[in-house]
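Enquirer: sharing a model that was predicted from the sequence below.
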Amino acid sequence: MKERFKALTGLRAVAAIMVFLYHNRKYWRGWLPGFIIQNLNEFHTGVTLFFVLSGFLIAYTYQDAPFQSTKAYAKYLMVRLLRIFPVYLIILTISYCNNGFPVTSLAIYNYTLLKGFSDRFNLEGLPQSWSLTVELSFYLFAPLIYVYLKRSYLRAIGFLIALVGMVLLIGYGWHSYNGNPNRWLYNWLFVFDSTFFGRFFEFLIGMLLAQQMRTRKEVNFSFISFTLLGGVLSVGVIYCISLFEVNVYDQGTQHIAGLLLRNLVLPFFFCIFIFGLMVEKTWVGTVLSTKVALLLGDASYIFYLVHIGYVNRKIYNFQPLHDRNFVFLWLISIAGFLLIEKPIYNFCKQKIRNW
């Protein structure tokens, strides 16, 4: 199984590249065909792929073990926080030192990632870090969700739906009270587009796949390729989402049908593709398991943090390959992973284990 997981590490690089293409699509509108731009408008779905992978890996790795004791849960959270905060805080602090610190409240929202709960602040600081708030929210609830899943799928879904209802009640209640000027957990489109509470199914379907992989019996599915089926269906759903765009400046997920396709349908087909990577020997899995793909997958988190925002702006004029610094950003990300992220994580993780 460890060998099969290698392809999932490489798949993280694919997800990061999708997001890079999505954020740079506006620079290619003048010469790329409209059909291609139309589909690139929906490559934000690379984040969906990240979320599905996260749901699978957390559930497969931890199950409900963090709930065995308060100490176990605290250690679990600290290890997960170590995956997100060190590099993020370093880049954020450097950007503030260079550009100036914002007002205290906004700095706090950015340093704690609370900004991700506000439709007004979620793109402040490092814009792409809104998704880190979604990820952290999942880490917080994941062990409890797994407990519910062990008892009943319906119970887990019921708990999550109740959580969504409570969040919407808070946001709209706040709005009724004083207008909710900073738009915390408001409005419904923000909640379902940019918070864990509206996007929980992307994580949940990954957790369900983890359960399946832990309990399944070997079955011969030689008559079908899950990798091919999941890949084709995923591409097809992304295309269907793009059909709801009004023009090439729009996104299908700004419309209810497109949002539902991304939040509820696409994660299921991503799961089929991931399942295929783990149970089948294909050229796709082989490519994603190469040393280059694994290195890019390991560095994908830093790449995600630098591909737009402060770092990208600092090297904006340095584009020797005229590729929006795609190659150079990957080199920076690999160096950051090997010299900063990996050493910090390994050192702190060992300290936490010995606690």
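Expert: Thanks, I have the structure now. Not measured: the values here are computed from a predicted model.
Enquirer: show me where pLDDT drops low in the stretch 151-300 of the chain?
Expert: Along the stretch 151-300 of the chain, segments meeting pLDDT under 70 span 216-223.
Enquirer: try 90 this time
Expert: Along the stretch 151-300 of the chain, the model assigns pLDDT under 90 to residues 151-153, 212-224, 248, 281.
Enquirer: which residues of it fall in strands?
Expert: With strands called from DSSP state E, counting those that start in this stretch, the stretch 151-300 of the chain shows none.
Enquirer: give me the number of residues near the residue found closest to residue 272 once you drop the neighbours it is linked to in the chain?
Expert: Spatial nearest neighbour of residue 272, chain neighbours left out: residue 230 (3.3 Å); criterion: CB to CB, 6 or more residues apart in numbering. Glycine gets a C-beta too; all of them are placed from N, C-alpha and C. For residue 230, the count of nearby residues is 20 (other CB atoms under 10 Å).
Enquirer: how about the helix ranked longest in the chain: buried residues?
Expert: Counting by DSSP state H, the longest helix found in the chain is helix 70-99. Neighbour counts over helix 70-99 (16 or more other CB atoms under 10 Å) mark 73, 75-77, 79-80, 82-88, 90-92, 95-96 as buried.
Enquirer: kindly report the same for stretch 171-189.
Expert: For stretch 171-189, a neighbour-count test (16+ other CB under 10 Å) marks 171-172, 174-175, 180, 183-186 as buried.
Enquirer: output the residues you listed in a markdown table; the columns should cover distance to residue 116.
Expert: As requested, the buried residues of stretch 171-189 are exported to a markdown table (distance: CB to CB, whole Å):
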| residue | distance to residue 116 |
| --- | --- |
| 171 | 14 |
| 172 | 19 |
| 174 | 16 |
| 175 | 18 |
| 180 | 16 |
| 183 | 12 |
| 184 | 11 |
| 185 | 10 |
| 186 | 13 |
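Enquirer: mind checking which of those are in helices?
Expert: Using DSSP H, the subset of the buried residues of stretch 171-189 located in helices is 171-172, 174-175.
Enquirer: closest to residue 303 among these?
Expert: The shortest approach to residue 303 among these belongs to residue 171, at 32.4 Å (CB to CB).
Enquirer: picking up where we left off before, which of the buried residues of stretch 171-189 lies closest to residue 323?
Expert: Proximity of the buried residues of stretch 171-189 to residue 323 (CB to CB) peaks at residue 183, which lies at 36.5 Å.
Enquirer: chain neighbours aside, what residue packs nearest to the closest one?
Expert: Nearest one to residue 183, counting by CB to CB, 6+ apart, is residue 119 at 3.8 Å.
Enquirer: helix, strand, or coil at the nearest residue to residue 72 once chain neighbours are set aside?
Expert: Among residues not flanking residue 72 along the chain, residue 66 sits closest, at 5.3 Å (CB to CB, 6+ apart). Look at residue 66: counting by DSSP: H, G, I helix; E, B strand; the rest coil, its state is helix.
Enquirer: so residue 349 sits against residue 82, correct?
Expert: Yes - shown here, residue 349 and residue 82 form a contact pair, counting by CB atoms under 8 Å, at 6.3 Å.
Enquirer: ok so, going back, quick one: the residue nearest to residue 72 and residue 76 touch, right?
Expert: Yes - the criterion here is CB under 8 Å, and residue 66 meets it with residue 76 at 3.7 Å.
Enquirer: okay, and the common contacts of these two?
Expert: residue 143 (CB atoms under 8 Å, 6 or more residues apart in numbering).
Enquirer: quick one: the helices in the stretch 151-300 of the chain?
Expert: According to DSSP state H, counting those that start in this stretch, the stretch 151-300 of the chain carries its helices in the segments 153-178, 188-194, 196-215, 226-242, 256-260, 266-279, 283-288, 291-298, 300-306.
Enquirer: distance to residue 316 added to these, as a markdown table?
Expert: Below are the helices of the stretch 151-300 of the chain laid out as a markdown table (distance: least, CB to CB, whole Å):
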| stretch | distance to residue 316 |
| --- | --- |
| helix 153-178 | 37 |
| helix 188-194 | 26 |
| helix 196-215 | 31 |
| helix 226-242 | 28 |
| helix 256-260 | 31 |
| helix 266-279 | 32 |
| helix 283-288 | 31 |
| helix 291-298 | 22 |
| helix 300-306 | 12 |
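Enquirer: deepest in the core, which of the ones you listed is it.
Expert: Among those, helix 300-306 has the highest mean neighbour count (mean count of other CB atoms under 10 Å), at a mean of 24.
Enquirer: what lies in contact with that helix?
Expert: 12-13, 15-16, 19-20, 83, 87-88, 91, 126, 128-129, 296, 311-312, 329-330, 332-333, 336-337, 341.
Enquirer: stretch 55-67 too?
Expert: With CB under 8 Å, 6+ apart as the test, stretch 55-67 has contacts from 8, 72-73, 75-77, 80, 138-139, 142-144, 146-147, 149-150, 202-207, 209-211, 213-214, 271, 274.
Enquirer: noted, bye for now.
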